[in-house]
Structures are given as structure tokens and as C-alpha cells.
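Trainee: Quick one: sequence and predicted model below, then my questions.
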Number of protein chains: 2
Amino acid sequence: MPDRLTKNRLCLHTVTTKPWSLEECCRHYAGAGIAHITVWRNVLEGIALPRARKLFADHGLAVAALCRGGFFASSEASQRRAALADNRLALEQAAAIGAPTLVLVCGADPGQSLDDSRHQIRDGIAAILPAAESLGVVLAIEPLHPMYAGDRSAVVTLAQANDLAQFFDSPWAGVALDVYHVWWDPALQQEMERCAKAGFLRSFHVSDWKTPTADLLNDRGLMGEGCIPLRSLREQAEANGFRGPVEVEIFSTEYWKLDQEIWLQWIIEAYIEHC
Amino acid sequence: MPDRLTKNRLCLHTVTTKPWSLEECCRHYAGAGIAHITVWRNVLEGIALPRARKLFADHGLAVAALCRGGFFASSEASQRRAALADNRLALEQAAAIGAPTLVLVCGADPGQSLDDSRHQIRDGIAAILPAAESLGVVLAIEPLHPMYAGDRSAVVTLAQANDLAQFFDSPWAGVALDVYHVWWDPALQQEMERCAKAGFLRSFHVSDWKTPTADLLNDRGLMGEGCIPLRSLREQAEANGFRGPVEVEIFSTEYWKLDQEIWLQWIIEAYIEHC
């Protein structure tokens, strides 16, 4: 029963086992009975995309998403143009490796207002949406935790991401929900319902919030180690119609130091017990 | 002109110059022409409250607030009762030193749901409101940044704090707005307007958000060092009727290492230039 659950629904982000190459990720994930992988672009460096695609097929791994595009916000026009080109490249990569979704970390620039960043994000998504449609890749807008509003994402609530998806009103513009970023939100329940019922919800990421948290970026907890009600959030997403995999995305300086095979076993056990 | 501005509006939290005793804070703040002080309870330890009150009077310092009460949320009933007793003590202290306001950091318990914590917070405020009224001290509900939702405050948005103030509908229940905690919020403008126009806004705290931020607790920036639009937020508060002092509350391991007299001058200059 745990095996079947694991195989059917568990997805790992390659960044969760950051020390591993793409080939190592594929081999170990498949060896552990995992059926889904979300690919971070760094592990594609130096690998021909058809070769990557064949790796996934050979290991029986379905690609859930490519991480990540976005970073549309900048006070510099040249930077914004470069971001659009990079997003088009990311869409090409996603299509080439068979990823149905590109996750967007939308960006923020501490040198300008959040309002400006938010407008640039909307414009940026609008600019790449035609490419997403023609390549058949969904853009998944990910709200980030407000502690990243300075320089990573001016989109900090699920309501904002839902508003954006609603504004575009396209099957190619959806939402990536990472519980780490949104668990604190008093409006979470209603916005999750709105997100899933409208068909916006394309990705569901889990990890846990540790108290204390030692580092803003790389101290995420393993599921069960913190205070996020993971099972109830997953059940809520599913009650509202979500049927995708449950993606484990953990940035952790501490866990990346472990033997990654042991770490992978911990993840699987924590997933079964707490998700 | 800067001098007059400074004297009229600037308020320092004693924690901002943490290495100083209460007497040192009073002497140096008054010596720099500052007219307001917000007192953290740690500096009252070992000092008779009438003596503290006389210190403020002798130095021409108006007490803006006492920090802090709250921490109502706990899965343990004994802990919740202890919190109520501590809040009643804090109210007595506030009244004794002439502080018109007690700032509430409402609390959270990673061992229970945010919903449970939120209910306990409402019950806790209800329980101490009669004491606040009889002592003539306003309870100022402070929304904290969502990165503190694990263990410090289940109240993480200005909307929540406004909802609580509205629920109590009492001149003794208001809101403390710290820009560091709420600057990221897409609903900030409308909720600030609601807060100030309803007469809830009792305290206005400034500091700045640094990118990167090295520590979740003690790496706040000096005004102008980060990306919070301080002047525009102050002007917005005032446009909606706020007339209180502008309180500088900076937790910073880095700045606490400085000669605090130099640090105080930096604060005054930054306040004049950026607030």
C-alpha cells in the first residue's frame, strides 16, 4: 500500500537531492519506485535535451515540470528583455524534455516598487504566453513566501496568483502551489478552493516549516518536521479536484550534506507518514 | 527644521539600542533631541516603576508604548493562563510608567493549527480588555511578518489585525503597524486606510527590509538601507489621520555591535532623510 501510494503520486524535485547529477537522480528515483520527476534547469547543463528525455523514458519517470522561469521584474529594460528570452528558452527546454509545465518564480527588484514589479510580471507572462501555447507548456505562477518579496517574487499570495491566472483566462496559464510559501495565509482555504475549482492548480509542492528557521533560503524542513498541516492541505487540494503528483521540493544545506541515498529514503518515509 | 521634525515625531524603541540600560537610553535620546520613547520590558528589570516614570519626566521623554504583551496561543492551558497573568502585569507596568499603549505580539504554537492559535488570541485579548480599559492602556494588536507564523504570531496581516480591532469595537483595542511586517502585502494600501480611518492605528513602526536578509530575527535594516517605501507609507498613514510618533524599532546583531552613540546619530540622519 505505501509502495503503491509512493509510485502513483510522489514526485521529487532534482534540487531536493542537489548533489546528484540528472543521471543519478533518474537512477535513484526510479530505483526507489518513484514515478515522477520535476527537473531543475541546472541539471540539464551539458546534457543534450533528447538524451535527457530518453533518460526519463528509460527510467519510467514522468516529468511533472521544469523549474524555473520567471524573474520578469527589473528596473532595467535590458534585463526584462533578457528575462523574456530566458523564459522562451525555458519553454523550449520544457517541451523538449516532455515537461507539461514551467514553474514561474515571478521576480522582484528591490530598486523599484512592488507595484512596478507586479505590472512587469503581468506584462512578462503576457509576452511569453503565446510561446507557451504553441509549445504546449503550461505556465505555473508560483506565489512565494513574503520573505522573498525583496528580490525574488512580488507575487506573495495565492490570491495574487489566482488573480493573474484569471486575468489571462488561458489553459496555458495556471498556478503552482507550494505549501511552504502559503501555509501562513488566513485566506488559504478559500483561495485553494478557488484555485483548484477553476482548474488553475497545476503543481502542488510540499516540504515543512521549521521553528526556528535558520536561513531564509536553504533551511526547509522534511515533511513532518515542522508545523504545516500537509495531509490536510493535500486532501483539500484533492477534494477540490486536483489529481497531479505531490512534489517534494526541499532546499536544505543540512540535508544536502547527507548521503543522498539515505536522504531519499527519509523523504519517502516522511511522504508516506505525513502527506 | 530637521531638529524640529526630529523632536516632534521621532520615537526610539529601547531595543533599537539594546546595549543601553534604561538610564542610558533616556540620557542619550534626550541629549539627541528625541521626544518619544517606547520601552521594552527588559530594561525595566530591577528598576522601580515610579523611578522609571520619573526618569522619563526628567528627560522630557513621552512614553509612546510598552513592548510587549501577547503570546496568547498555546496548546497548554496552563501556558495560556500564565500568558494572561503576564499581560495583566504588562498592563500594570504600562500604566505605572505612563505608557498609553501596550503592543501585543499575539503568539503562535507550532504544535497546533493556526486556526486554534487565532481563536486563542481572540479569547486572550477579550480576557485582558477589561483590565486595559480600567487602567487606561490601549492594546495594540501587531500583525507580524508571515515568517513568524510558526512560533510568534498567527496574526500575519493587517487585515487580520483590523478584523480583530473591529470585532472588539473598543477604544482600548487598536493596531500597531510595523512596516517591516506588512510592506509586502498586496492589500496594504486598502487595509492601512481602513486601519487609520477607523481610528485603530495606534503605533507606527519603521525599519527597513534588506536584500539579502541574513537572519529572520535580528537583521533588520536602517531606514533607507532596504526596499520599504517608508516615506510614502508614513504619508499614507497621516493622510488617513494618524498623528502619532514614528517609532524606530530595529533588531540588528550587526548594529548592536556599534558604538551606540554613533548608531543613534545614524538613526536620526536616516529618519530625517528617508521617513
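Mentor: Done, it's in.

Trainee: State the mean pLDDT of the longest strand that chain A contains.
Mentor: Secondary structure of chain A read by DSSP state E shows that its longest strand is strand A:62-70. Confidence over strand A:62-70, taken as the mean pLDDT, stands at 98.

Trainee: Give me the helices and strands touching that strand, please.
Mentor: With contacts taken as 3 or more Cβ pairs under 8 Å, 6 or more residues apart in numbering or on different chains; DSSP states H and E, strand A:62-70 sits against strand A:36-40, helix A:77-97, strand A:101-105, strand A:138-142, strand A:201-206. For the C-beta atoms, the positions are set from N, CA and C on the backbone; glycine is no exception.

Trainee: Could you dump the ones you listed into TSV and include mean pLDDT?
Mentor: Converted to TSV, the helices and strands packed on strand A:62-70 look like this (pLDDT from 0 to 100):
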stretch	mean pLDDT
strand A:36-40	98
helix A:77-97	98
strand A:101-105	98
strand A:138-142	98
strand A:201-206	98
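
Trainee: Nearest to chain B among those would be which one?
Mentor: Comparing these against chain B with Cβ to the nearest Cβ, the closest turns out to be strand A:138-142 (13.8 Å).

Trainee: just checking, next helix/strand downstream of the closest one?
Mentor: Toward the C-terminus, strand A:138-142 is succeeded by helix A:158-168 as the next helix or strand (DSSP states H and E).

Trainee: pLDDT value on A:Leu188, please?
Mentor: Among the per-residue scores, A:Leu188 shows a pLDDT of 98.

Trainee: so who does it touch?
Mentor: Residues touching A:Leu188, when contacts are defined by Cβ atoms under 8 Å, 6 or more residues apart in numbering or on different chains, comprise A:158, A:182.

Trainee: re earlier: list the buried residues for the longest strand of chain A?
Mentor: Buried residues in strand A:62-70, defined by neighbour count with 16 or more other Cβ atoms under 10 Å in any protein chain shown: A:63-70.

Trainee: Can you add distance to B:Leu91 and mean neighbour count and give the helices and strands packed on strand A:62-70 back as CSV?
Mentor: Formatted as CSV, these follow (distance: least, Cβ to Cβ, whole Å; neighbours: other Cβ atoms under 10 Å in any protein chain shown):
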stretch, distance to B:Leu91, mean neighbour count
strand A:36-40, 52, 24
helix A:77-97, 52, 17
strand A:101-105, 45, 26
strand A:138-142, 44, 27
strand A:201-206, 42, 25
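
Trainee: Near A:Pro229, how many other residues are there?
Mentor: Residues within reach of A:Pro229, counting by other Cβ atoms under 10 Å in any protein chain shown, total 15.

Trainee: That one and B:Cys25, how far apart?
Mentor: According to Cβ to Cβ, to the nearest Å, A:Pro229 stands 42 Å off from B:Cys25.

Trainee: Check A:Ala126 too.
Mentor: With distances defined as Cβ to Cβ, the gap from A:Ala126 to B:Cys25 amounts to 53 Å.

Trainee: So for these two, which residue has more residues nearby?
Mentor: Ranked by neighbour count (other Cβ under 10 Å), A:Ala126 and B:Cys25 place B:Cys25 first, with 28 against 14.

Trainee: one step back: now distance to B:Asp115 too, for the helices and strands packed on strand A:62-70, in JSON lines please.
Mentor: JSON lines is the format used below for the helices and strands packed on strand A:62-70 (distance: least, Cβ to Cβ, whole Å):
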{"stretch": "strand A:36-40", "distance to B:Asp115": "31"}
{"stretch": "helix A:77-97", "distance to B:Asp115": "38"}
{"stretch": "strand A:101-105", "distance to B:Asp115": "29"}
{"stretch": "strand A:138-142", "distance to B:Asp115": "25"}
{"stretch": "strand A:201-206", "distance to B:Asp115": "20"}
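
Trainee: on that earlier part again, now the longest strand of chain A: how far from the chain's centre is it?
Mentor: The chain centroid and the centroid of strand A:62-70 are separated by 7 Å under Cα atoms, centre = their mean, to the nearest Å.

Trainee: relative to strand A:101-105, how tilted is that strand?
Mentor: Inter-element angle recorded for strand A:62-70 and strand A:101-105: 30 degrees (by axes from the mean of the first three to the mean of the last three Cα atoms, to 10 degrees).

Trainee: Neighbouring strands of strand A:62-70 in the sheet, and parallel or not?
Mentor: The sheet places strand A:62-70 alongside strand A:36-40 (parallel), strand A:101-105 (parallel), with pairing taken from DSSP bridges.

Trainee: Residue numbers of the stretch 151-275 of chain A in contact with chain B?
Mentor: By Cβ under 8 Å from any Cβ of the partner chain, the residues of the stretch 151-275 of chain A that approach chain B are A:151, A:156-157, A:159-160, A:183-186, A:209-213, A:216, A:226-227, A:229.

Trainee: if you go through the stretch 151-275 of chain A in chain order, where are the strands?
Mentor: Along the stretch 151-275 of chain A, counting by DSSP state E, counting those that start in this stretch, strands occupy A:173-178, A:201-206, A:246-248.

Trainee: The nearest residue to A:Leu144 once chain neighbours are set aside: how many residues sit nearby?
Mentor: Of all residues not flanking A:Leu144 in the chain, A:Ser153 sits nearest, at 3.6 Å (Cβ to Cβ, 6 or more residues apart in numbering or on different chains). A count of nearby residues for A:Ser153, using other Cβ under 10 Å, gives 29.

Trainee: wait, isn't A:Ser153 in contact with A:Ala108?
Mentor: Yes. Using Cβ atoms under 8 Å, A:Ser153 and A:Ala108 qualify as a contacting pair, with a distance of 5.6 Å.

Trainee: Hmm, A:Thr213 and A:Asp219 touching each other?
Mentor: Yes. Using Cβ under 8 Å, A:Asp219 and A:Thr213 qualify as a contacting pair, with a distance of 5.2 Å.

Trainee: Disregarding residues adjacent in the polypeptide, which is nearest to A:His36?
Mentor: With Cβ to Cβ, 6+ apart, the residue lying closest to A:His36 is A:Cys11, at 3.4 Å.

Trainee: buried set for stretch A:41-57?
Mentor: Using 16+ other Cβ under 10 Å as the burial criterion, the residues of stretch A:41-57 that qualify are A:41, A:43-44, A:52, A:55-56.

Trainee: Since that was my last question, I'll sign off now.
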